[in-house]
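Enquirer: Provide a 3D model corresponding to the input given below.
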Amino acid sequence: MSILTETADAIARIQIARPERKNALTSAMYAALAEALVAAEADASVRAILLHGQPDIFSAGNDLEDFLNAPPENPDAPLFRFMGALAQASKPVVVAVNGAAVGIGTTMLLHCDLVYCADDSRFSLPFVNLGLCPEYGSSLLVPLAAGYHRAAEKLLLGDPASAEEALEMGLVSRILPPAEVLGHARRQCERLAQLPPVALRQTKRLMKDGWRVATERAIAEETATFKRLLASDEARQAFASFLGRRAAR
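Expert: You can find the predicted model right below:
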């Protein structure tokens, strides 16, 4: 199994566990992630959700071969079900990031509540490099957090962000030594689990309501544009070039 789950002490723990492929995400993994989030939301004993990867990698983003063989083309696609469940989660979602968070690996963090990363983590949104556009609200949420010009460096040029830059941009909550990230995230979940649950969920809802409609509008426009670009010659050439470079290594 590439997605591992357990529920204990009011915390639902979801682990991305495909280290041999740098936690690259497949359709099957998205489906499992979506199911885990839905189950955590439905479980009255769960007060907080903990999401993490491996000690040296959070996620390399989409598994490109799987993505090209089964692109998300309808609202019920596993990718959209996962991101929808994450964006709509009423319970607090805490993330521990070690190593790289690429593409969707960074995008998903924008919809979480507390994000803790290692001091050697790197974050990148290289959509334009692949002939594509930002996904799932990142064209709105990154500029909203970081300001337009800082976001443009990351979204137009695809420049990666160090842990320090990510903190400055508002993409993460705190930087920690690599060995301490998961433990700290777990302790924050324990703190959340002790708080009044209704007040916690309502406070999260109120904080996000201010840009919820704009986010939904951005997601709809991004999705339509992404689908058009994915079918373009420009994207096919970019993907072929990337896969060719990887095969040559």
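Enquirer: max-length helix in this protein?
Expert: Longest helix in the chain by number of residues (criterion: DSSP state H): helix 212-230.
Enquirer: buried set for it?
Expert: Under the neighbour-count criterion of 16 or more other C-beta atoms under 10 Å, helix 212-230 has 215, 218, 219, 222, 223, 226, 229, 230 buried. (C-beta placed from N, C-alpha, C; glycine too.)
Enquirer: Give me the buried positions along the helix or strand following it.
Expert: On the C-terminal side of helix 212-230, the closest following helix or strand by DSSP states H and E is helix 233-248. By neighbour count on 16+ other C-beta under 10 Å, the buried set for helix 233-248 is 235, 238, 239.
Enquirer: and helix 233-248, average pLDDT?
Expert: Mean pLDDT, helix 233-248: 77.
Enquirer: what's the answer for stretch 113-123, then?
Expert: Computed over stretch 113-123, the average pLDDT equals 98.
Enquirer: Which residues does that stretch contact?
Expert: Here stretch 113-123 makes contact (C-beta atoms under 8 Å, 6 or more residues apart in numbering) with 58, 92-102, 105-106, 109, 160-163, 165-166, 171-178, 181, 184-185, 188, 204.
Enquirer: Cross those against strands and list the overlap.
Expert: Among the contacts of stretch 113-123, DSSP state E puts 93-97, 100-102, 161-162, 174-176 in strands.
Enquirer: so residue 31 sits in a helix?
Expert: Yes. With DSSP: H, G, I helix; E, B strand; the rest coil as the criterion, residue 31 is part of a helix.
Enquirer: Surely it and residue 79 touch.
Expert: No. Taking contacts as C-beta atoms under 8 Å, residue 31 lies outside contact range of residue 79: 9.1 Å.
Enquirer: neighbour count winner among these two?
Expert: The neighbour comparison of residue 31 against residue 79 (other C-beta atoms under 10 Å) goes to residue 79, with 23 against 16.
Enquirer: so where's this protein uncertain?
Expert: Within the chain, the segments meeting pLDDT under 70 span 244, 246-249.
Enquirer: In TSV: the buried residues of helix 233-248, plus distance to residue 196.
Expert: Formatted as TSV, these follow (distance: C-beta to C-beta, whole Å):
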residue	distance to residue 196
235	48
238	49
239	48
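Enquirer: Identify, from these, the entry nearest to residue 10.
Expert: residue 239 (42.7 Å; C-beta to C-beta).
Enquirer: from the ones in strands among the contacts of stretch 113-123, which two are the most distant?
Expert: Most distant of those, by C-beta to C-beta, are 93 and 162, 23.4 Å apart.
Enquirer: what separates the closest residue to residue 211 other than its chain neighbours from residue 226, distance-wise?
Expert: The shortest distance from residue 211 to any non-neighbouring residue, by C-beta to C-beta, 6 or more residues apart in numbering, is to residue 144 (6.7 Å). Distance of residue 144 to residue 226, computed by C-beta to C-beta, to the nearest Å: 19 Å.
Enquirer: what does residue 99 give?
Expert: As judged by C-beta to C-beta, residue 99 and residue 226 stand 26 Å apart.
Enquirer: With residue 114 instead?
Expert: Going from residue 114 to residue 226 by C-beta to C-beta gives 28 Å.
Enquirer: swap in residue 80?
Expert: 11 Å.
Enquirer: Over to residue 179?
Expert: 37 Å.
Enquirer: what do you get for residue 51?
Expert: 23 Å.
Enquirer: tell me the contacts of residue 61?
Expert: Neighbour list for residue 61: 24, 25, 102, 103, 104, 105 [criterion: C-beta under 8 Å, 6+ apart].
Enquirer: Just give the number of residues close to the third one.
Expert: Around residue 102 there are 23 other residues, counting by other C-beta under 10 Å.
Enquirer: Could you give the secondary structure assignment for residue 39?
Expert: From three-state DSSP, the assignment for residue 39 is helix.
Enquirer: what about it, neighbour count?
Expert: 15.
Enquirer: show me the contacts for it.
Expert: Counted by C-beta under 8 Å, 6+ apart, residue 39 has contacts 5, 12.
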